[in-house]
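# requesting a structural model of the entry that follows:
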Amino acid sequence: MIHTRKVRLMLASAALLTLAGPAMALDGADMMQKLNAATSPNGTSVTYDKAEANGDVVTVTGMKLQVVAKPGTSIDIGEVTFEGVEEKGGGYYAETVSFPDIAVSDKDASFSVKDISIGGLSIPGSASGTTIDDILLYETAGTGPMTVNVKGKDVFTAESTETNLTRQENDAGFDFDATLAGIKADLSQIEDAKAKEAVEKLGLTTLDGGVTMKGSWELQTGNLALDEYALDFKNVGRLNIAMDLSGYTLQFMKSLQEAAKAAEANPNKKEADQAMALAMLGLMQQLTFNSASIRFDDASITKKALDYAGRQQGVTGEQLAQSLKGLVPIMMAQLNLPELQSQVSSAVNAFLGNPKSLTISAEPEKPVPFPTIMGAALGAPNTVPSVLGVKVTAND
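So this is what the prediction gives:
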């Protein structure tokens, strides 16, 4: 009797597992269909040969990324492995996505990148783009070495790239950062004689540096703050651009994508460009300017540039600097901006005398709607600097 009960229990368990098996299995084709739907708003589509699931791993073969605006243009990606996959909210979540190394070539040029991966990929069940859960997201993305080769010589290399996207508390928005590290560029192969001479005199036959970016995006207000977008190169300097604006909401982004798709679908390029310009003009009305700045920290390039330009005119770099100090006020006077003229003249004098840093910033007392800026630019251009609170400083 006990033996019979055990047999029945085992048979029932087996039947339950058999019935549950198909329901629990991942649908690789469905995942790829939803991935394609999520990438299409950006003007791309994903195609593939097979999408096979094995446990929580989905292996996609023959994957290609196609540019919708240019039929026939595609990037062959090859076999892509999605690991730690689970269904989530009608969509899918993958702990890691691994790509094959990419190597493409065209005539005398080639490009290669290794160790491509994405971490924490969220594929929405419905790519409507109306909420944070309806857009394609990732937590990390990166690559290993990257190389551009021209005529058998590496003209550009980078050690690695890394991007991080972190959701803010209560899904209010995102914090993001990115790096392009270990950049090396070889400019010695420039063919134009004058450009080649300038590069050699300035000591720029090779560039060594990196790019960093950091910022945040608040979805409800559409506050997009780019705190840092910096290009930093040894023996040249560091150029950093910062920007803060509001109104860049999910709806704004969706409208922008729809305008771009409509323009791409129009076979008449002139009409498409005009329609896109009008759409952009309308969308700009929704944005508000909070602040912006451009700062350059010199690392010896300014003196080299003055010396080189001075030799071209038969004077020393110091003599050229003195000449520029006198020329700037004259040029600024033509713009009828007396307050800014004084700032610019003072900053240029200080920077050319002792090149350390030069900063142009715009920070109005209160946020300024873009229509106000455009109105000032059309009606009284000389008022724009005061509307935006523009300041120019040096060596601060």
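# contacts only, for Ala181.
With contact taken as Cβ atoms under 8 Å, 6 or more residues apart in numbering, Ala181 is in contact with Ala158, Glu159, Ser160, Thr161, Glu162, Gly210. Every C-beta, even on glycine, is put in place using the N, C-alpha and C of the backbone.
# these two touch, right, the last one and Lys234?
No - contact between Gly210 and Lys234 fails when scored by Cβ atoms under 8 Å: they sit 9.7 Å apart.
# tell me the one of the contacts of Ala181 nearest Asp115?
Ser160 (8.0 Å; Cβ to Cβ).
# and the closest one, what does it touch?
Counted by Cβ under 8 Å, 6+ apart, Ser160 has contacts Gly142, Thr143, Gly144, Pro145, Thr179, Leu180, Ala181, Gly182.
# where along the stretch 251-396 of the chain do the strands fall?
Counting by DSSP state E, counting those that start in this stretch, one finds strands in the stretch 251-396 of the chain at the ranges 288-298, 357-362, 368-369, 390-394.
# now those strands in CSV, with mean neighbour count, distance to Ile123 and mean pLDDT?
Converted to CSV, those look like this (neighbours: other Cβ atoms under 10 Å; distance: least, Cβ to Cβ, whole Å; pLDDT from 0 to 100):
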stretch, mean neighbour count, distance to Ile123, mean pLDDT
strand 288-298, 18, 33, 98
strand 357-362, 18, 39, 97
strand 368-369, 18, 36, 96
strand 390-394, 19, 44, 96
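# give me the neighbour count for Met32.
22 (other Cβ atoms under 10 Å).
# where do the helices of the stretch 151-300 of the chain begin and end?
Assigned helices in the stretch 151-300 of the chain, in chain order: 193-201, 250-265, 269-284 (criterion: DSSP state H, counting those that start in this stretch).
# the last one vs helix 250-265, what angle?
Helix 269-284 runs at 170 degrees relative to helix 250-265, counting by axes from the mean of the first three to the mean of the last three Cα atoms, to 10 degrees.
# now find how far off-centre helix 269-284 is within its chain.
Distance, stretch centre to chain centre, for helix 269-284: 23 Å (Cα atoms, centre = their mean, to the nearest Å).
# what of the shortest one?
The chain centre lies 31 Å from the centre of helix 193-201; the measure is Cα atoms, centre = their mean.
# for it, buried residues please.
For helix 193-201, burial by neighbour count (16 or more other Cβ atoms under 10 Å) applies to Ala198, Val199.
# tell me the mean pLDDT over that helix?
For helix 193-201, mean pLDDT is 90.
# and if you look at stretch 118-138?
Mean predicted confidence for stretch 118-138 is 92.
# ok, now stretch 340-354?
94.
# from the contacts of Ala181, which land in strands?
Ala158, Ser160, Thr161, Glu162, Gly210 (DSSP state E).
# would JSON lines of those with pLDDT be doable?
JSON lines is the format used below for the ones in strands among the contacts of Ala181 (pLDDT from 0 to 100):
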{"residue": "Ala158", "pLDDT": "97"}
{"residue": "Ser160", "pLDDT": "97"}
{"residue": "Thr161", "pLDDT": "97"}
{"residue": "Glu162", "pLDDT": "97"}
{"residue": "Gly210", "pLDDT": "97"}
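# okay then, goodbye and thanks.
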